[in-house]
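**Student:** no FASTA, just this:
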């Protein structure tokens, strides 16, 4: 797909069609990088643990933070002979 480069104030830019933005999940912000002669536009990288603190507080407030395996997996190890 070829698109025109347009003057935008003192800069130049391109308009990205809405279906492409939707397909990539881009809403308010994007990560822009130049790799060789290629301009890469990607969704911003989230930290893998982003939001964990808020989610754990929400789970605790809802009482949904019980252990999945209430007993330790090594129960009975004391009786084993090594």
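**Tutor:** Great, that's in hand. If you're wondering where the values come from, they're calculated on a predicted model, not measured in any experiment.

**Student:** how many neighbouring residues does residue 24 have?
**Tutor:** Per other Cβ atoms under 10 Å, the neighbour tally for residue 24 reads 13. To be clear about C-beta, it is placed using only N, CA and C from the backbone, and glycine gets the same treatment.

**Student:** low-confidence stretches in this protein?
**Tutor:** By pLDDT under 70, the weakly predicted segments of the chain are 70-73.

**Student:** scan it for its longest helix.
**Tutor:** helix 52-61 (DSSP state H).

**Student:** hmm, who's touching that helix?
**Tutor:** residue 65 (Cβ atoms under 8 Å, 6 or more residues apart in numbering).

**Student:** distance from the chain centre to that helix, please.
**Tutor:** In this view, helix 52-61 has its centroid 18 Å away from the chain centroid, taken as Cα atoms, centre = their mean, to the nearest Å.

**Student:** got it, and stretch 47-64?
**Tutor:** 16 Å.

**Student:** and it, how far apart are its ends?
**Tutor:** End-to-end distance for stretch 47-64, by Cα to Cα, to the nearest Å: 24 Å.

**Student:** enumerate the positions of that stretch that are buried.
**Tutor:** Residues of stretch 47-64 classed as buried by neighbour count (16 or more other Cβ atoms under 10 Å): none.

**Student:** can you check stretch 18-27 too?
**Tutor:** Neighbour count says stretch 18-27 has residue 26 buried, by 16+ other Cβ under 10 Å.

**Student:** list phi and psi for the residue nearest the centre of the chain.
**Tutor:** Centroid-nearest residue in the chain, with Cα atoms, centre = their mean: residue 46, separated by 3.7 Å. Dihedral angles of residue 46 (phi, psi; degrees, to the nearest 10) stand at phi -90, psi 150.
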